[in-house]
Each structure stands twice: as C-alpha cells, then as structure tokens.
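Enquirer: Have a look at this prediction, sequence included:
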Amino acid sequence: MDTLRVLVTDDELGMRLGVVRTLRDFVVHVPDVNEEVAFVVDQADSGEEALQQISRQRPDILLLDHKMPGISGLEVLDQLAEMHSDILTIMITAYASIETAVSATKRGAYDFLAKPFTPDELKSTIRKASARLILAKQARKLAREKQQVRFEFIRVLAHELKAPLNAVAGYLDLIQKHALGDRLADYHEMLGRSLVRIDGMNKLIHDLLDLTRIESGKGARRLGVMDLRAAAKAAADTAQTEAESRAIAVRIHADKEVSLLADPGEIEMLLNNLISNAVKYNRDGGSVDVTIMGHDSQATITVADTGIGMARDEVGRIFEEFTRIKNDHTNHIPGSGLGLSIVKKLVQLYEGEVKVESQPQVGTTITVVLNAASPPASCSPLPSGEG
Amino acid sequence: MTIPNEKPTILLVDDDDDFLFQHRLQLENAGFNVIAAQGRAPAEEILARQRPDVAVVDVMMENPDAGFVLCHHIRKQDPSIPVILVTSVNSETGLDFDLATEEDRAWIKADALLAKPIRFEQLRGEIDRLLAIKK
C-alpha cells in the first residue's frame, strides 16, 4: 500500500481536525494500476507555518485555505510556484466564486473545495487527486525502466561492435608492423580473418535494423495472401551455399501450397533466420527438415536440425537479445545474437507462438505457429523490456 | 640457439578467436611459449595438466564474470602463477575497479589489470615485470 502525505492549512482548528478525522482511515483504490493508497495528515494554522513545514517535509497534497490571517492561500501558491513545487494543491474557500477559481488555477492549484464541505466531498476530491499522483508516479517509474533497458541494450551493442573492431584493428596493426616478416600467406590469412569480422559487423547492423523495424512498427506492412511453401523453398536456396559446403541436406516438406495472409518480407526474415540457424549449428553431413502445415487461418512451420543442440538452461536464454550460447561447439560459429530475438518479435506480430525442443548433440527443433496477420499491427517501441 | 624448455609459458584465455591468434603470434615472436584457451572451461582443463609461468585472462567470456572466477581458481591451485586480467568491463559498464586499493585487490585475484584494446608492448611489459618478480 502506498501512503500519501497531506498537509491541511487552515486557521480554523475545527476544519483541520475535520480533515484529519475524515482521512485517518480513508483508503483509495486506484483501479488502473491496482494500487491502494492511505494518508498521513499534517496540519498548519497559517500560510507561513505551511511554507515552513513544506521546506522540511514535502507533502504530496496540500489542502490550502484561501483566506487566512497573515499571508493568504494565493500567496502561498505563488511562493510554491517560485519553488517549482509539484505539490498538488486543493484550494479551500468560503467564497467559491469563479474569480477565485480562475485566479488560483492560474497560479497552479489543481482543484477546489467550497466551504463548508461534507466528508464525502473531501473524500471524492482526495480520491481524484490521489489517482492522478499515483498514475504520474507509475508513468515516471515506467519511463525510468524503459531508459534502463535502452541503456543496457546500447551497452551490449557497443560491446558487440567493439570486439570485431578491436580484432580488425589488431590485424591491421600486425600487418603494419610487418609482424610476420615476409610470410605473405600469413598476412593473407590475417586479411581473411579481418574480412570475416567485418562481415559479422555488417550482419549485426543488418539484424539490428530488422529488429528495430519490427519493434517500431514503422514502415507499412505489405500484407497479402502468400504461399509459405514457396517462401520456405526460397529461404532454403539462400542457405544452400553454406549447406552444400558442409554436406548438409535441407529438405522442405509440404504436400501443397500453404496460404497465409502475411507480409512476404517478414516471412522471409523469419524463415531465413530459422533455416540459417539450423544449418549453422548443424554437424557436417547433417540435415535440416522444414515442415509447413496450414489449417484455417493458421500456419505451423517446424525446422528440425541434427546439430549440436542445447542444454535445458540454454534453451531458456536463446530468445534474449545478444545471447549466444558459448561453448567449444559454438566458438567458431559467427552470429549477431539477434536472429532468434527477431524470430520472437515476428511471431508476436502474428500473435503466434514459438516452441523449442533440443537435445545436446542430437539436434534442435523449433516450431513456430503463425496466425493470419491482422492489420494494423501494434508493437512496442525499441528496445522492449521483454526477452 | 634457444632451448625450448627455457622459454616462459604463457596461458592466454579469451573467448575471441582473433584476440588469441594475434597475441599468440606476437608472444611467440617475442620468444614465449603460448597455450591458448577459448574460454574458462578449456583453460581449467589445461591448468589441470600444466602450470604456465603467467596467465593472461579476459573477464567476459562464457559468463560476464568468467575471468574473475578463473582468477580465483588459479590462485587457489597455484598462488605462484601471476595473473594479468584483460578487460573492457570498465569502459563498457562504468564499473570502476582497479588494483590500486587494498579492497579491490582483496576480491580481484589478479596481479595486473589491462584495459582493452591493449597494446602488445604493454602486455609484454607486464609479463616481463611479473616474471622478474617471480624469479
């Protein structure tokens, strides 16, 4: 339960005690965020006393009498404005005139209570003010969390880009220093390795743009009824060069065309990521079996490989951004660590689901269920906190 | 003529293949024996069989703190092996640690800390310094 601090400022003792009594056991429920709020009430009998108390301990809500001996409520408001205070002020006034209302609102008051008011009127005003405060607090917290996630994302991204840059710089330095004398073939190897790292950076930036495009929801989706079997064949062709060089067979299983309302670009991205992973993490001479099935406005894509597989705890992490399973089997396999994050975001766009079964040294099967697209798609801005 | 046995042996541990390639090459050129390990797990396997004269260890490998853990294990196994930690943790996380204070030395079981990207001359200097102390 949250507690809000209320300062009631009035020269009439009876009025102050009335407020204390009314709010003592009062609890407000804020339905939007499902929070309960209780109140602690402090008292001040003049504007001067109120300002002193505020400087010592800032209240959340100020109930402020308009007409008091000494400085008036409106003067208190002015001073608070000068202090750039964000205390929510509710003016209490015996002469509830439009003029006073306008003048106080201009000076930053949030609401009004006309004297005399009933406990229920007080409660209703306080309820409204509390909801506003709690929602504002919640919004600030969310903004902070979002900023934290963004910071973390950029930090990891910087690491992922710095590692290959350092490697390339290291090779250039060695070449410049003629570290290998006149062994030309070795220089050739260093140039080759530099190019591999530059390719890796390129792939990372490419994947990053894909991920950003999906998450931002920007760029119009080009939806149309498309054939997933044909798309899978095209994705298999893309992976063919690497598959052939390692004698990996990529097979597509689908009895007939499988139609789905979808964006061909997104489906291509999804299939490319799944099939290229299945080839990359396979053993030489292994196989990749892609099965496409359709039913109503839903499609199921299963990609099964005979590769290195994963342990149970590793499976849980693979959809996180920049997560790559590091071990003896994967050390030499390049990757951005974003492929499956992209898959997950795409599956969310199609309100589908993704399931992973894996066994170390046996293989991994990823099953993706997609529902026909329902435009316009809404999605969270980059970088989202999940995953 | 150099007698192979007299060459000091450096254990080089980093998850980046290219870092290993480049530093192995330069260390070998400078007259060291080099054993390279691409991560904490293979490094532990090597340490079970062999005692290097100096270990050069990256911090972020299989896990973000794999290097720290490896340092502890090396200390426990053979406190006489000097360890040089190589890391970009400081600049990337804003985590501030070095070996200047007693407090940091108490939990970072390393004899020297180098920030990535490292210059080879710097690494070479630290290795020579630690080998001289050891003798």
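Expert: Thanks, I have it. Numbers count the residues shown, from 1 in each chain, chains lettered A, B, ... in the order given.
Enquirer: For chain B, what is the nearest residue in chain A?
Expert: A:Ala167 (3.7 Å; CB to the nearest CB). Glycine gets a C-beta too; all of them are placed from N, C-alpha and C.
Enquirer: which ones are touching the residue nearest to A:Ala247 when sequence neighbours are not counted?
Expert: Excluding its sequence neighbours, the residue lying closest to A:Ala247 (CB to CB, 6 or more residues apart in numbering or on different chains) is A:Gly285, at 4.7 Å. Going by CB atoms under 8 Å, 6 or more residues apart in numbering or on different chains, A:Gly285 touches A:Arg246, A:Ala247, A:Ile248.
Enquirer: repeat that for 10 Å
Expert: A:Arg246, A:Ala247, A:Ile248, A:Ala249, A:Thr306 (CB atoms under 10 Å, 6 or more residues apart in numbering or on different chains).
Enquirer: Return the members of the residues you listed classed as buried.
Expert: A:Ile248, A:Thr306 (16 or more other CB atoms under 10 Å in any protein chain shown).
Enquirer: lowest-pLDDT helix or strand in the chain?
Expert: Answering for chain A, as no chain was given. helix A:98-106 (a mean of 77; mean pLDDT, DSSP states H and E).
Enquirer: right idea, wrong chain: chain B
Expert: helix B:89-93 (a mean of 58).
Enquirer: Measure how buried the residue of chain B at minimum distance from chain A is and give me the count.
Expert: Using CB to the nearest CB, the single residue of chain B nearest to chain A is B:Asp18, 3.7 Å away. Residues lying near B:Asp18 (other CB atoms under 10 Å in any protein chain shown) number 20.
Enquirer: What helix or strand is it located in?
Expert: helix B:17-29 (DSSP states H and E).
Enquirer: same question, A:Ile252
Expert: Per DSSP H and E: strand A:249-253 holds A:Ile252.
Enquirer: picking that back up, pretty sure the residue of chain A closest to chain B is touching A:Pro334, no?
Expert: No: when contacts are counted by CB atoms under 10 Å, A:Ala167 is not listed as touching A:Pro334 (11.8 Å).
Enquirer: How are the strands of chain A distributed by residue range?
Expert: Applying DSSP state E to chain A gives strands spanning A:2-9, A:28-30, A:35-44, A:61-65, A:88-93, A:111-114, A:224-227, A:249-253, A:259-262, A:287-295, A:298-305, A:353-359, A:363-371.
Enquirer: Need the winner for burial among those.
Expert: Greatest average neighbour count among the strands of chain A goes to strand A:61-65 (a mean of 28), per mean count of other CB atoms under 10 Å in any protein chain shown.
Enquirer: what's the average pLDDT for that one?
Expert: Mean per-residue pLDDT for strand A:61-65: 94.
Enquirer: mind listing what it pairs with, with the direction of each?
Expert: strand A:2-9 (parallel), strand A:88-93 (parallel) (DSSP bridges).
Enquirer: follow-up on the earlier one: could you find the closest non-adjacent residue to the residue of chain A closest to chain B?
Expert: B:Asp18 (3.7 Å).
Enquirer: so where is the chain shaky, pLDDT-wise?
Expert: No chain specified, so I'll use chain A. For chain A, the stretches flagged by pLDDT under 70 are A:95-97, A:219, A:375-387.
Enquirer: Not quite, go with chain B.
Expert: Looking at chain B by pLDDT under 70, you get B:1-5, B:89-107.
Enquirer: In space, not sequence, find me the middle residue of it.
Expert: With the centre of chain B defined as its mean C-alpha position, the nearest residue by CA atoms, centre = their mean is B:Val56, 1.1 Å away.
Enquirer: Now do the same contact list for A:His253.
Expert: Counting by CB under 10 Å, 6+ apart, A:His253 makes contact with A:Arg229, A:Ala232, A:Asp289, A:Val290, A:Thr291, A:Ile292, A:Met293, A:Thr302, A:Ala304.
Enquirer: isn't the first one right up against A:Ile292?
Expert: Yes: between A:Arg229 and A:Ile292 there is a contact at 5.3 Å, judged by CB under 10 Å.
Enquirer: before we move on, back to that, for the least confident helix or strand of chain A, which helices and strands make contact with it?
Expert: helix A:73-82, strand A:88-93, strand A:111-114 (3 or more CB pairs under 10 Å, 6 or more residues apart in numbering or on different chains; DSSP states H and E).
Enquirer: run the last query once more with 6 Å
Expert: Of the remaining helices and strands, none touches helix A:98-106 by 3 or more CB pairs under 6 Å, 6 or more residues apart in numbering or on different chains; DSSP states H and E.
Enquirer: any idea of the angle that helix forms with strand A:61-65?
Expert: 150 degrees (axes from the mean of the first three to the mean of the last three CA atoms, to 10 degrees).
Enquirer: Now A:Arg283. Nearest residue, chain neighbours left out?
Expert: The nearest residue in space to A:Arg283 (CB to CB, 6+ apart) is A:Gly307, at 5.9 Å.
Enquirer: residue contacts, that neighbour?
Expert: Residues in contact with A:Gly307 (CB atoms under 6 Å, 6 or more residues apart in numbering or on different chains) are A:Tyr281, A:Asn282, A:Arg283, A:Gly363.
Enquirer: Kindly recompute the last result at 10 Å.
Expert: Applying CB under 10 Å, 6+ apart, the residues contacting A:Gly307 are A:248, A:277-283, A:286-288, A:329, A:333, A:358, A:360-364.
Enquirer: Now do the strands in chain B.
Expert: Going by DSSP E, chain B shows strands at B:9-13, B:33-37, B:54-58, B:83-87, B:112-115.
Enquirer: contacting residues around the least confident helix or strand of chain A?
Expert: Contacts of helix A:98-106 (CB under 10 Å, 6+ apart): A:64, A:66-67, A:73-74, A:77, A:81, A:89-91, A:93-94, A:97, A:109-112, A:114.
Enquirer: can we see that at 6 Å?
Expert: Here helix A:98-106 has contacts from A:Met91, A:Thr93, A:Phe112, using CB under 6 Å, 6+ apart.
Enquirer: My guess is the second one contacts A:Lys67. True?
Expert: Right, A:Thr93. No: taking contacts as CB atoms under 6 Å, A:Thr93 lies outside contact range of A:Lys67: 7.1 Å.
Enquirer: still on that earlier bit, common neighbours of A:Arg229 and A:Ile292, please.
Expert: Common neighbours of A:Arg229 and A:Ile292 (CB under 6 Å, 6+ apart) are A:Ala254, A:Val258.
Enquirer: ok so, going back, so who does the residue nearest to the centre of chain B touch?
Expert: B:Leu12, B:Ile84.
Enquirer: Can you give me the distance of it to A:Asp120?
Expert: 74 Å (CB to CB, to the nearest Å).
Enquirer: What is the burial count for the residue nearest to B:Asp53 when sequence neighbours are not counted?
Expert: Excluding its sequence neighbours, the residue lying closest to B:Asp53 (CB to CB, 6+ apart) is B:Pro8, at 4.1 Å. Applying other CB under 10 Å, we find 17 other residues in the vicinity of B:Pro8.
Enquirer: tell me the phi and psi of B:Pro8?
Expert: For B:Pro8, the backbone dihedrals (degrees, to the nearest 10) come out as phi -70, psi 140.
Enquirer: No further questions, thank you.
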